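Colleague: Sequence and predicted structure are below.
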Amino acid sequence: MAAKIARRGSPPATPASGGDDHVGALPDALLHHILSFLPAQQVVRTCVLARRWLDLWKSSSGLRVVGADGKEPVRFEDVRVFVDNLLLLRGCSPLETLELTFSGGSIDMLRVRLWIRHAMLCKVRVLLLKISGAPTWFQQGEPALVSEHLTRLVLRGIVFNDDDFLDFSRCPSLQDLNLMICSFENTRRISSKSLKHLVIMGASFSSRTRIDAPNLECLQLQVHWGRIPVLEKMPSLVLAIVNVDSSCLDTCSRANYGDCGDESCRGCIQDGSSSVLLQGLSETQALVLTATTRMYVIRRDLKRCPTFRQLKTLVLNEYWCVPDIHPLKCILEHSPVLEALCLLLFSQVYNFLNEQLLHCKTIMLI
């Protein structure tokens with residue numbers, strides 16, 4: 001016989017050809033996924049590859065408006081018209097991810113909000129808006145996001161002028177919120193009932209903002225400047241990492257607990273009946289808490305220290321031991337199931353700690 005009979009179960013033979021379009025042979029869904037990792041400017045250019053690619057880019061599962069290298073920000077003015085046309089031609093095709101990474105000091109936030117609203121119509125699940133350079137303001141009365149599909153939101157370099165935009169009650173699927181190098185001006189509350197993970201890094205708070213996220217499981221908070229926010233109860237909290245920089249305004253040279261009695265003192269807390277940090281952190285299983293010795297909020301909270309009934313791992317810095325060991329002693333007395341304690345200390349304070357750490361199973365001094 002001129003042709004051999006293939007064995008049962010063997011794959012069918014394919015002709016060898018150096019000109020085969022292996023990428024073009026992939027299914028549309030896989031190509032849409034691959035295109036979602038490229039900058040949008042490059043994705044659009046694929047329309048010239050072949051007839052099949054003419055409209056393929058319109059259904060990409062992600063849009064990344066970034067620099068040509070895919071990492072650096074792009075100047076807003078350089079892509080303003082491009083993004084307008086991109087969204088117009090794309091229509092309302094479903095969208096998994098929208099990333100907008102801009103630089104420059106003249107960003108038209110009204111136009112950006114229109115782009116975001118369009119993404120909401122496309123049922124976007126992940127939204128990233130990152131701005132480098134001059135701070136960009138969300139104007140007072142900026143309407144809150146409304147989406148049943150949004151699960152992750154990342155914002156960088158934004159100034160919030162009130163708390164309207166930070167009310168996420170109309171985003172019932174939102175679980176991951178990341179606020180990087182943002183300023184909160186006259187912001188009273190950040191609230192979400194669905195949130196599981198919250199990261200606020202390099203933040204500035206001009207007033208005492210309340211964080212209301214009762215279902216939070218993981219919190220990372222770094223206060224760079226201003227007032228430390230009030231943490232509401234978080235009964236599902238598993239891990240909390242809180243760092244307060246030396247630029248915090250919660251300092252008073254006349255009182256150790258923020259209660260000097262002078263109503264004009266900008267450093268002290270006028271409402272002395274409520275906890276700022278510790279009550280909201282009291283349900284966590286693991287806690288990293290570092291601060292500077294000038295900051296009184298923790299010392300004030302310790303006067304009515306809650307019991308950390310589930311806390312098993314605790315990481316602290318020298319704030320808890322210098323100039324005296326009372327803060328460390330207090331939190332240890334209120335941590336009945338603590339198993340591991342890590343102290344980030346200078347060598348001079350080692351000798352002060354031995355008597356207070358005997359009931360811990362694991363101790364690490366760094």
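Modeller: Looks like it came in fine. Given the structure is predicted, the values throughout are model-derived calculations rather than measurements. Residues are numbered from 1 along each chain as shown.
Colleague: make it CA atoms for all contacts and neighbour counts henceforth
Modeller: Will do.
Colleague: So N85 belongs to a strand, correct?
Modeller: No: under DSSP: H, G, I helix; E, B strand; the rest coil, N85 sits outside any strand and is assigned helix.
Colleague: F308 versus that one, what's the distance?
Modeller: Distance, N85 to F308, by Cα to Cα, to the nearest Å: 55 Å.
Colleague: and L311, which of the three is it?
Modeller: coil.
Colleague: so what's the closest residue to it other than its chain neighbours up against?
Modeller: Excluding the flanking residues, the one nearest L311 by Cα to Cα, 6 or more residues apart in numbering is Q285, at 4.2 Å. By Cα atoms under 8 Å, 6 or more residues apart in numbering, the residues touching Q285 are L237, V238, L239, Q310, L311, K312, T313.
Colleague: One more: P73?
Modeller: V66, G67, T101, F102, S103, I131, S132.
Colleague: Which residues are in contact with the fifth one?
Modeller: Spelled out, that is S103. P73, V74, R75, F76, I131, S132, G133.
Colleague: how about a cut-off of 6 Å?
Modeller: P73, V74, R75, I131, S132, G133 (Cα atoms under 6 Å, 6 or more residues apart in numbering).
Colleague: Determine the number of other residues adjacent to the last one.
Modeller: Counted with other Cα atoms under 10 Å, residues neighbouring G133 total 11.
Colleague: Could you report the separation of it from R156?
Modeller: 11 Å.
Colleague: Same question for the third one.
Modeller: With distances defined as Cα to Cα, the gap from R75 to R156 amounts to 15 Å.
Colleague: Please say which of the two ends up with more neighbours.
Modeller: R156 (22 against 19).
Colleague: Report the contact partners of the more buried one.
Modeller: K130, I131, L179, M180, I181.
Colleague: Report the rounded mean pLDDT for the strand or helix carrying A29.
Modeller: Secondary-structure assignment from DSSP states H and E places A29 in helix 28-35. Average pLDDT, helix 28-35: 78.
Colleague: what residue ranges in this structure score low on pLDDT?
Modeller: For the chain, the stretches with pLDDT under 70 are 1-24, 54, 140-141, 251-273, 293-295, 346-366.
Colleague: Helices along that one, start to end?
Modeller: Remark: helices assigned in the chain by DSSP state H are 28-35, 40-45, 76-90, 109-121, 278-281, 297-302, 326-333.
Colleague: Output the longest one as CSV, nothing but the C-alphas.
Modeller: If I follow you right, that is helix 76-90. Taking Å, rounded to 0.1, in the frame of the first residue of the first chain, the C-alpha atoms of helix 76-90 are listed here in CSV:
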residue,chain,number,x,y,z
PHE,A,76,-2.4,61.9,29.6
GLU,A,77,-2.4,64.3,26.7
ASP,A,78,-0.7,61.8,24.5
VAL,A,79,-3.5,59.3,24.7
ARG,A,80,-6.6,61.3,25.5
VAL,A,81,-8.0,61.2,21.9
PHE,A,82,-6.8,57.6,21.5
VAL,A,83,-8.7,56.4,24.5
ASP,A,84,-11.9,58.2,23.4
ASN,A,85,-11.8,56.5,20.0
LEU,A,86,-10.7,53.2,21.5
LEU,A,87,-13.8,53.0,23.8
LEU,A,88,-16.1,54.3,21.1
LEU,A,89,-15.0,51.6,18.6
ARG,A,90,-14.9,48.9,21.2
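Colleague: And that helix, what's buried?
Modeller: By 16 or more other Cα atoms under 10 Å, the buried positions in helix 76-90 come out as F76, V79, V83, L86, L87.
Colleague: Can you tell me which of these is nearest Q279?
Modeller: F76 (42.9 Å; Cα to Cα).
Colleague: Give me the neighbour count for the closest residue to that closest one other than its chain neighbours.
Modeller: Nearest non-adjacent residue to F76, counting by Cα to Cα, 6+ apart: F102, 5.5 Å away. A count of neighbours around F102, defined by other Cα under 10 Å, yields 24.
Colleague: any idea how far Q220 is from F102?
Modeller: 25 Å.
Colleague: Restricted to strands, list the contacts of R156.
Modeller: Using DSSP state E, K130, I131, L179, M180 are the members of the contacts of R156 that sit in strands.
Colleague: Widest-spaced pair of those?
Modeller: Checking these with Cα to Cα, the most distant pair is I131 and L179, at 11.6 Å.
Colleague: For these two, indicate the residue with more neighbours.
Modeller: Counted by other Cα under 10 Å, I131 and L179 do not tie: I131 has more neighbours, with 25 against 21.
Colleague: Show me the beta-bridge partners of the more buried one.
Modeller: F102 (DSSP bridges).
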